[in-house]
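sequence and predicted structure below; questions after.
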Amino acid sequence: MPVLLSIIYMVLGNNYGMHLMKEGTEISMIPYKAIDVHWILPVFFIVLMSMFYITSSDSQSFSMDELISKGSKTPVLYRKILWVSLEVLFVTLLLLAGGGTISAIQGLSFLMVPVMITFAIIYVVLLIAFLIKRKKHPELYKEVTKEIQEK
């Protein structure tokens, strides 16, 4: 379904955009004129973006829940709702901080440095914990290594 909607959107939008360019319409005005003529374009755009966002959000919440539940392929509903809610909150805060414009993306770039430093610290702590555990229980990791080599 998303592929079919994408094809229809691209064919309608690109075809009419090329027509407007041949008529000499300024490029920045093409989307506004296209919306006036093809009322369905904004509807397709909203449906497509909603489907892509919902699909991505569902995959992300499933992956996060799988990581939290030690690889369980059956996500717990309340945790999945928690991850989706946190994602929606994050996106909403970005859009509010940027006034709903491109400034939201600039805010994200400023936010990435402290977030990545925090993740780096967490990963270093996890690595140290793993090495300590491996040193205390080497027999556990020998079995895992043998299983991996057999596959």
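It's in.

the helix or strand hosting L86 packs against which elements?
Here L86 sits within helix 77-97, counting by DSSP states H and E. For helix 77-97, the packing partners by 3 or more C-beta pairs under 8 Å, 6 or more residues apart in numbering; DSSP states H and E come out as helix 40-68, helix 103-136. C-betas here are computed from N, CA, C, even on glycine.

packing partners for the longest one?
In this case it means helix 103-136. helix 77-97.

could I get the buried residue list for the helix it packs on?
Residues of helix 77-97 classed as buried by neighbour count (16 or more other C-beta atoms under 10 Å): 80, 83-84, 87, 94.

by mean pLDDT, flag the weakest helix or strand of this protein.
Ranked by mean pLDDT, DSSP states H and E, the helix or strand of the chain with the weakest confidence is helix 138-150, at a mean of 70.

for I132, give me the pLDDT.
I132 is assigned a predicted lDDT (pLDDT) of 90.

what's the burial count for it?
Using other C-beta atoms under 10 Å, I132 is surrounded by 10 other residues.

then the one 3 residues further on?
In terms of burial, K135 registers 9 neighbours under the definition other C-beta under 10 Å.

just the one 3 residues further on next, same as before
Other residues lying near P138 total 9 when counted by other C-beta under 10 Å.

check the one 4 residues further on too.
Residue crowding around K142 was assessed by other C-beta under 10 Å; the count is 10.

that one and S59, how far apart?
35 Å (C-beta to C-beta, to the nearest Å).

great, nothing more from me.
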